[in-house]
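1. structure for the following, please:
(one chain, ligands or ions: 1)
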Amino acid sequence: MATIPEKSLKNFTNNTFLVFSCVLFLIIALSTITVYLISARQINLSFIEQQLSVASETMRLRLATTVDSELALVLKMADTPVIRQYFMAPSDQLLKSQADAEFAIYKKHFNSEILYWINDVDKILYSTGNAPYILNPDDPDSYWYSLTLYETEIYNFNINYNPDLEEIHLWVNVPVFVTVETSKKPIGMLGTGVNLTDFSNFIASSYREFDKNITPYMFNKYNEITSAVDYELVQSKVHLDEHLGKTGKELIRVAHELSGGESRSFIYDKKIYLVNSIQAMEWYLTVSYPEPGLLSLNNAMNIVFFSMLILILFLIIIINAFVARSENAMAKQNLQLLEANKKAESASRAKSDFLAKMSHEIRTPMNAITGMAELLLRGELSNEARGYARDIKQAGNNLVSLINDILDLSKIEAGKLEIVPVKYMLSSLINDTVNIIRTRLKEKPIRFFTNIDGNIPNSLIGDEVRIRQILINLLSNAAKYTEKGHIGLTITVDKQDDKQVLLRIDVSDTGKGIKAEHQAILFDEFVRVDKNQGIEGTGLGLPITRRLCAAMDGKINMESEYGKGSVFTVIIPQGIESKEPLAVVVEPEKKKVLVYESRVIYAKSMCWSLENMKVPYTMVTNQKEFVSSLYREEWFYVFSGYGLYKKIKPLMEKDDAVFCGGKRPHLALMVEWGTEAYISNVRFVSIPVQSLSIANTLNGKADSYNYFDSSVSSGVIRHTYPNARLLLVDDIPTNLKVAEGLLSPYNAKIDTCLSGAEAIELVKQNKYDLIFMDHMMPEMDGIEATAAIRKLETMNVVSGNGGKQIPIISLTANAVVGMREMFIENGFNDFLSKPIDVSKLNEILDRWIPGEKKEIGSKNCGPESISPLPATRSPLPVIPNVDTAKGIAMLRGKLDTYMKVLSMFCKDVDERLPQLRIMPEAEALPAFIIQVHSLKSMTASIGAQEVSSYAAGLEAAGKAADMTFIREHLPDFTVQLAELGKNIRAAISV
Ligand code: ADP
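-> Numbers count the residues shown, from 1 in each chain. This next block holds a predicted model:
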């Protein structure tokens, strides 16, 4: 539902954000620098302009006003006819006295005391300070006066510095013209000198207060610097072109001309100049300032720092905004998701509830429908009605299995499929599955083989129920969609480490196969391809299987060729509980096997297992080859098909001497499941032959599926236990009777009881030397009862056993590898598999009953004691479907005990049948499993192998919660069981 952002999308977002940040940084840095530069220049320029205007204003007020009034007076004097006349005739005494009188009038109006007049021959006619004299042309001053006289048209200002006085004077000079003269040639010059020393100092000091970089100076039209902060410039009468160079001077002139009185700026020689003219006087005020450079180091650092700061701030803002936005968006999305999730959950809950209710509602009447149909089918019916009844039953079964599948699927979809890892025995799981499948194959000419890698650890951790479901789904499909040929189950190890094994499960068949175009859609829901007419199914098995695989971190693949067959492969990890391998042959190199089987597929499968367990073997498929091989080499075992027994019997029964190594090889026959067989000194292994069965056979061990093992049973009783007291606990009276029978030769006192609770009571009252406790019992099972007894022991409630624990031996029909450890972990001391192997029983009693209670015994009660074969002994009851010989052999050849067991069995069956006629609901499955489990061992112990196998199939189906199987086979099973009871009763009452 919720889409998690793709990794690539994340990268893309991250990269975009990074690029975006970098670009942003550059933009901000550049714009900051630009802004800084522009504003720095502008700040400087405007600052300089400000200085300039201050200077101009000062000048105007402080200088111009003085100069203006002085000028006006000089002009006025130059205009008096008397003075003018006197210029022309300086020796005229009258004129002189008239001129002096007039001059005196004006003089009192002048600020300065210095006044002079100079005639055109450079003779100073009047001077306030000195007597009149002729200007000396070598004197720079007099030269300058002359120059001024001839060049000045109206008036002239000059500032000069008097080093003797250390004063600066402004000289205001006005030419005097003859009134009538048209050439305007001056006849003399009048002038005054204004002392500007103070003024100049003032300007200098006032500028000094400004920025130190500012250099103001004033210069006149002769480009002499007349006032400056740098007083040197004034003192040494530096000319502007000396100071600025010609270009600089020219620039000032141009700036001045362009300015028309306004201030003008220009940059010259890395300085900014501002020029302002003081119009009336043709003086210029200039301010220079170092041109603001592009960047000084300090500034650069500042800018970088500044930019970084801005950037960081900016980034923080952006990130904050971003985070806030995404948090907002996330919070919003989360809310929406939560909301959606809630809705989906409640919808799915509603759906699951609905499905659960509906399935219950539908299943109950469906049970009635299929049950009734079954009853109809058992009665007298016309062919037509039988057909209808069969159809009803078939359709009903289909409907129920569809409901089961939908329930499963809806659970998976609602995420309610919980993978529950438990400790389980792989061999047990395979056995159960194989039992179910071979029942389904009964009527089809299909060979079912298994290749199970013996090296797989047997004790695994995983969801046993779901693995079983996967196996059953795939094998059922193989069985359903294959009409002839074979189907195979191969389980191998893909990878393994200390903790995990990657199982590879291949289910192969030679069935109809799947067209290439259909292969891609098979794992979709409700897809059934290729018109599976007459084959029941829902199209949900494969999708469920695929999801189960995925939920367990596994995967499923399929290869198929249309018309030839298919292989479905599941690869799935499982935890390892213990590394003990599933099947191991002890000293395999010493156990050479000759495999003779004309059904090549079985022969090959057998050889696969032998090779897997490193057992040397030769495979022959015809009699000729067999004969030539049999005597050629020394064989430890011959494995052959049961159907070939007649042919090989004479060959196998020859004297030991005929055989290589001087010893006849052992013989094991492969029998189809459910086939009744008993031959002395022959081992039977049922098809599909599993590696565990082969390993047990070659190791000389009992096999839980081969109830009579004549080759290994040694019934020599070494001890009897007349002083020992034993307790037998089993919920099935038949089993109790069997066990009692087996124990009777040991002369011990035996108590029996039918439940765990009773056992606890008995343990409180009596002192037992050994307890045989059944594992699976209703209400309180053997494990719980043992735990309770152990608790009583710690509380000292149990009657005195010298403070020691009472040895408790588990009796179980689930004799698979790893069981012993499980029981020991649960407080048992050992375990004994049912049906009871007498040699094992011997061992157990010997080991666990205290030495002081043992007495030497020599009673031989093994199979040897019952040979020759029971068939040669008489009278033996003949009961259809019961191998009475085998049954008697199981009871050490005691016919009377066997007869008692048989009558007890009939009673037992009568009690159980009504319960079995009720189809179990899912919740009643545990009780059902116990029920059929008990029947499995009960029937096996009397020699009713076929019914026992049937019960085993139902037990496996119960464990796998395979209701379809149970529904299909339970009615038939009850019929067979009832029939068996009837036959036994008839036989024993004879
Ligand atoms: P179902 O068997 O109930 O129809 P499945 O999901 O198990 O549903 O299988 C879907 C379809 O795939 C089947 O209907 C059948 O057409 C095809 N199929 C599955 N297994 C096999 C097989 N072993 N051989 C041929 N076809 C198969």
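2. CA atoms for contacts and neighbours, from now on please.
-> OK.
3. interface residues of the protein facing the ligand?
-> 477-478, 481, 511-514, 522, 527-530, 537-543, 566 (CA under 6 Å from any ligand atom).
4. which of these are buried?
-> Listed as buried from those are 477-478, 481, 511-514, 522, 528, 537-543, 566; burial here means 16 or more other CA atoms under 10 Å.
5. what comes up buried for stretch 336-346?
-> Going by neighbour count (16+ other CA under 10 Å), the buried part of stretch 336-346 is 337, 341, 344.
6. pull the CA atoms of that stretch into PDB?
-> Taking Å, rounded to 0.1, in the frame of the first residue of the first chain, the C-alpha atoms of stretch 336-346 are listed here in PDB:
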ATOM      1  CA  GLN A 336      -3.100   9.200   5.900                       C
ATOM      2  CA  LEU A 337      -1.300   5.900   5.900                       C
ATOM      3  CA  LEU A 338      -2.400   5.200   9.500                       C
ATOM      4  CA  GLU A 339      -5.900   6.100   8.500                       C
ATOM      5  CA  ALA A 340      -5.600   3.900   5.400                       C
ATOM      6  CA  ASN A 341      -4.000   1.200   7.400                       C
ATOM      7  CA  LYS A 342      -6.700   1.300   9.900                       C
ATOM      8  CA  LYS A 343      -9.300   1.100   7.200                       C
ATOM      9  CA  ALA A 344      -7.500  -1.700   5.400                       C
ATOM     10  CA  GLU A 345      -7.000  -3.500   8.700                       C
ATOM     11  CA  SER A 346     -10.600  -3.200   9.700                       C
END
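7. rounded mean pLDDT for that stretch, please.
-> For stretch 336-346, mean pLDDT rounds to 78.
8. please apply the same query to stretch 926-944.
-> 85.
9. which of the residues in that stretch are buried?
-> 927-944.
10. could you do stretch 483-503 as well?
-> 483, 485-493, 496, 500-503.
11. quick one: contacts of that stretch?
-> 444-453, 456, 475, 478-479, 504-512, 570-577, 601 (CA atoms under 8 Å, 6 or more residues apart in numbering).
12. could I get the pLDDT score of residue 311?
-> 67.
13. if you could redo that for residue 510, that was the one I meant.
-> 95.
14. surely residue 448 meets residue 688?
-> Yes. With contacts defined as CA atoms under 8 Å, residue 448 counts as touching residue 688 at a distance of 5.9 Å.
15. out of the buried residues of stretch 336-346, who's nearest residue 118?
-> residue 337 (109.3 Å; CA to CA).
16. residue 343 versus that closest one, what's the distance?
-> The gap separating residue 337 from residue 343 is 9 Å, by CA to CA, to the nearest Å.
17. same question, residue 735
-> Distance, residue 735 to residue 343, by CA to CA: 56 Å.
18. then residue 92?
-> 132 Å.
19. with residue 913 instead?
-> Taking CA to CA, one finds residue 913 at 49 Å from residue 343.
20. nearest residue to the residue in the stretch 351-500 of the chain that the ligand sits nearest to in space, please, no chain neighbours.
-> Closest to the ligand within the stretch 351-500 of the chain is residue 478: 4.0 Å, counting by CA to the nearest ligand atom. The shortest distance from residue 478 to any non-neighbouring residue, by CA to CA, 6 or more residues apart in numbering, is to residue 509 (5.7 Å).
21. same check, this time on residue 247
-> Spatial nearest neighbour of residue 247, chain neighbours left out: residue 241 (7.8 Å); criterion: CA to CA, 6+ apart.
22. low-scoring stretches of the stretch 651-800 of the chain, by residue?
-> Low-confidence segments of the stretch 651-800 of the chain, defined by pLDDT under 70: 673-678, 702-718, 799-800.
23. as a check, name the ranges of all strands in it.
-> With DSSP state E, counting those that start in this stretch as the criterion, the stretch 651-800 of the chain has strands at 666-672, 682-687, 719-720, 725-729, 749-753, 770-774.
24. just name the most buried of those.
-> Across the strands of the stretch 651-800 of the chain, averaging neighbours per residue (mean count of other CA atoms under 10 Å) puts strand 770-774 on top, at a mean of 26.
25. show the secondary-structure elements that that one is packed against.
-> If you count contacts as 3 or more CA pairs under 8 Å, 6 or more residues apart in numbering; DSSP states H and E, strand 770-774 packs onto strand 725-729, strand 808-812.
26. what distance do you get for residue 771 to the ligand?
-> In this view, residue 771 and the ligand are 48 Å apart by CA to the nearest ligand atom, to the nearest Å.
27. narrow the buried residues of stretch 483-503 to those in strands?
-> Counting by DSSP state E, the part of the buried residues of stretch 483-503 found in strands is 485-493, 496, 500-503.
28. pull the contacting residues for the residue of the stretch 651-800 of the chain found nearest the ligand.
-> Residue nearest to the ligand within the stretch 651-800 of the chain (CA to the nearest ligand atom): residue 688, separated by 18.7 Å. By CA under 8 Å, 6+ apart, the contact set of residue 688 is 434, 448, 449, 450, 602, 672, 673.
29. for the stretch 501-650 of the chain, what are the low-confidence residue spans?
-> In the stretch 501-650 of the chain (pLDDT under 70), the answer is 531-534.
30. and the residue nearest to residue 471 when sequence neighbours are not counted, helix, strand or coil?
-> Closest residue to residue 471 apart from its sequence neighbours, by CA to CA, 6+ apart: residue 433 at 7.1 Å. Classification of residue 433 by DSSP: H, G, I helix; E, B strand; the rest coil places it in helix.
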